[in-house]
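Novice: model the following, please.
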Amino acid sequence: MGKVKDEQLFTLLRDFLLVYLPNQRKASSNTVKAYRTALNQFLKYTAGQKNLSVLSVTSGMVTYEMVNSYLDWLSAEKNAAPATRNNRLAAIRAFISYAAACRPEYISIASGLAAIGIQKNDRFAKVDYMTEEAVKTLLAEPDTRTEIGVRDQFLMIFLYDTGARIQEVLDVKICDIKVDRTPTVTLHGKGKKTRIVPLMKDTVNHLQNYMKVFHPSETWMSSKWLFYVERKGIRNAMCDDTARLRIQKYAASAREKCPDVPLNVHPHLWRHTRAMHLYQHGMDLTLISQWLGHKQLETTLIYAHADTEAKRKAIMEAMASDPFLEAEPVNYTVSDEEILKRLYGL
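Specialist: Got it, this is the predicted structure:
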């Protein structure tokens, strides 16, 4: 088994992820997962830059220059949005701050990282969404004569109807759903906040069919996961990677039939799409904001701006030959190492 070069660093990482975040900060499992992903990625990047194994990374390599280089790589090579970049930086800073509170030698590292600025978000960045025709084509792709087809189609229908984040959908348990006269689902969102959203009649019909196939013996009081995968007879909640890969599979075939289907169809695109369609059909932005679970109405204004831009573009194209109407386009901007990493909570 490989040897850890800086045992103190990896011990602090383990305690940060397995003890401090869940027990002292009372962070949700999703928050811990996000921090673990960020720290893992940074360690791998640092190891790659030094031509070392991850377990050979030391605290002395966590410098202002290395973190800045990592963040630049995220933006340039991974096409990460400013929000993603800032979240990764926040995770690294949080860990180093914790380490500095435990070990004085980390104080200088924390001081150096404090000088790294966050990247400003474009308040009205371009919002990608699918046309209604693209949605219809994509939903028709799964073969509903099969169990997997029934599941995958309902997953996409549920994402669209609720406008929920993918993790909110995958966290839904059967008991979170009410199918009485006013069907609803309780979503467990960021910061352990919950919200109740309505389910449309067609969605409930698909839900009933899905339940017959995947939960034939469960009642609506069951605490079982609504969406699950089964391996060796054990059922676990479906993970977001599985959902993403299934959706991308159908998007690839749907694009051959409908050019409106975007090249990059991911679970979160359903959320943007549903919000945009509701806005285009006249739903008030305040209601959309509450429905999406946004803390601030300003976050929801991107849909109004995006729709205005779509109208402006259509007018520009229609009047392209009119010399009286000229406008500039908007610029939108399992090895030994793996075993050891798991022992340290990574």
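Novice: ok, residue 83 to residue 272 distance?
Specialist: To residue 272, residue 83 is 14 Å away according to CB to CB, to the nearest Å. C-betas here are computed from N, CA, C, even on glycine.
Novice: so these two - more neighbours on which side?
Specialist: Higher neighbour count among residue 83 and residue 272: residue 272, with 19 against 12, using other CB atoms under 10 Å.
Novice: my read: the more buried one touches residue 129, true?
Specialist: Yes - in this structure residue 272 lies within contact range of residue 129 using CB atoms under 8 Å: 4.6 Å.
Novice: so, low pLDDT: which residues of the stretch 1-150 of the chain?
Specialist: For the stretch 1-150 of the chain, the stretches with pLDDT under 70 are 1-2, 121-127.
Novice: again, 80 this time
Specialist: By pLDDT under 80, the weakly predicted segments of the stretch 1-150 of the chain are 1-2, 79, 119-127.
Novice: which stretches of the stretch 51-200 of the chain form helices?
Specialist: Taking DSSP state H, counting those that start in this stretch to define them, one finds helices in the stretch 51-200 of the chain at 64-77, 82-102, 107-113, 132-139, 147-162, 166-170.
Novice: tell me the contacts of residue 290?
Specialist: By CB atoms under 8 Å, 6 or more residues apart in numbering, the contact list for residue 290 reads residue 195.
Novice: also residue 42?
Specialist: Residues near residue 42 by CB under 8 Å, 6+ apart: 67, 70, 88, 92.
Novice: tally up the residues packed near the first one, please.
Specialist: Put plainly, it is residue 67. Using other CB under 10 Å, residue 67 has 22 neighbouring residues.
Novice: cool, the last one as well?
Specialist: Counted by other CB under 10 Å, the residues lying close to residue 92 total 22.
Novice: which stretch among the helices of the stretch 51-200 of the chain comes nearest residue 281?
Specialist: Of all these, helix 132-139 sits nearest to residue 281, with 9.7 Å by CB to CB.
Novice: output the contacting helices and strands for the closest one.
Specialist: Packing partners of helix 132-139 (3 or more CB pairs under 8 Å, 6 or more residues apart in numbering; DSSP states H and E): helix 147-162, helix 240-255, helix 267-280.
Novice: at 7 Å what do you get?
Specialist: On a contact count with 3 or more CB pairs under 7 Å, 6 or more residues apart in numbering; DSSP states H and E, helix 132-139 meets helix 147-162, helix 240-255.
Novice: most tightly packed of those helices?
Specialist: Sort those by mean neighbour count, taking mean count of other CB atoms under 10 Å, and helix 147-162 sits at the top with a mean of 20.
Novice: and it, what does it pack against?
Specialist: Helix 147-162 packs on helix 132-139, helix 166-170, helix 201-214, helix 240-255, helix 267-280, going by 3+ CB pairs under 7 Å, 6+ apart.
Novice: so what touches it?
Specialist: For helix 147-162, the external contacting residues (CB atoms under 7 Å, 6 or more residues apart in numbering) are 135, 138-139, 142-144, 169, 185, 187, 197, 199-200, 203, 206-207, 209-210, 213-214, 227, 243, 246-247, 250, 267, 270, 273-274.
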